[in-house]
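Trainee: Kindly generate the corresponding structure for this input.
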Amino acid sequence: METVKSPAEGRVLLRNVSWGTYERLIEEREERRVPRFFYDRGVMEVVSPSKRHESISEIISSLIEHIALEVSLDFESAGSTTFKNEGMARGFEPDKCFYFGESIELVRGKDDIDLDAGDPAPDLVVEVDITSPSISKFPIYASLGVSEVWLHDGERLSILTLGDEEYTGASESSFLPSVTGEILTRLVADGLLMERPAWARKVREWVRESR
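Mentor: Residues are numbered from 1 along each chain as shown. A predicted model of the protein is given here:
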């Protein structure tokens, strides 16, 4: 088994990892959400997020919830749930993820989500990559049916939507109205510096003004 380490973001890449080993590592971690595992047909990345990584993902998650609530849009948050499909030999644990529309009722109230049993993958995944990832997550997301990815590189946020088996940049989100990468980048930056109540008010005021 080959190991490649990336200490800046706490990433370890393992090659020639069996599906059984991947599932065993998930079980041995028990209820802890760190480290996170990404698996792509024998290649596994183990990620231990930094404080800045976690702060950005939490701000983005709060941002999504504030916007959705302000426009009365229903959603279901699945956090960093483990999503895996043995038939495709792929699995991931996002920084944050959400369900919208018809997908909500398929997962609401469930203790676990089982892609092998036909449960849907999340509609929107939040991915924070402050340092270059060891493996690309996009083929994993695409193969499992994630429609939209919000990618934050530590400086700016980009919206990517799934087209013909690959992701391309989008001017706006497919799920949240009037939301662009430029606006999200600014609001996330504000959220990292402002007191949370004041930031939440600013987000909601922006939503009302933009409608």
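
Trainee: can we go C-alpha only for contacts and neighbour counts from here?
Mentor: Noted.

Trainee: would you list every one of the helices in the protein?
Mentor: Using DSSP state H, the helices of the chain run over residues 19-29, 51-70, 104-107, 138-144, 181-193, 196-210.

Trainee: Just the angle for the second one relative to helix 181-193, thanks.
Mentor: Angular relation of helix 51-70 and helix 181-193 on a 0 to 180 degree scale: 120 degrees, by axes from the mean of the first three to the mean of the last three Cα atoms, to 10 degrees.

Trainee: what does helix 51-70 contact?
Mentor: With Cα atoms under 8 Å, 6 or more residues apart in numbering as the test, helix 51-70 has contacts from 74-75, 95-96, 126-130, 154, 176, 187-188, 191-192, 200, 203-204, 207-208.

Trainee: Narrow these to those that are buried.
Mentor: Buried subset of the contacts of helix 51-70 (neighbour count, 16 or more other Cα atoms under 10 Å): 75, 95-96, 126-130, 187-188, 191, 200, 203-204, 207.

Trainee: And these, which is closest to residue 33?
Mentor: Nearest to residue 33 among the buried ones among the contacts of helix 51-70, counting by Cα to Cα, is residue 95 at 10.0 Å.

Trainee: how close does the closest one sit to residue 185?
Mentor: Separation of residue 95 from residue 185 (Cα to Cα, to the nearest Å) stands at 17 Å.

Trainee: Quick check: residue 142 vs residue 22, distance?
Mentor: Distance from residue 142 to residue 22, by Cα to Cα: 20 Å.

Trainee: Give me the pLDDT for the residue nearest to residue 210 when sequence neighbours are not counted.
Mentor: Among residues not flanking residue 210 along the chain, residue 178 sits closest, at 7.1 Å (Cα to Cα, 6 or more residues apart in numbering). With respect to pLDDT, residue 178 has a value of 89.

Trainee: who touches residue 178 in this structure?
Mentor: When contacts are counted by Cα under 8 Å, 6+ apart, residue 178 touches 172, 210, 211.

Trainee: again, but for residue 10
Mentor: 46, 47, 48, 49, 50.

Trainee: count of neighbours near the closest residue to residue 169 other than its chain neighbours?
Mentor: Distance criterion Cα to Cα, 6+ apart; nearest residue to residue 169, sequence neighbours excluded, is residue 160 at 4.5 Å. Look at residue 160: counted by other Cα atoms under 10 Å, it has 24 neighbours.
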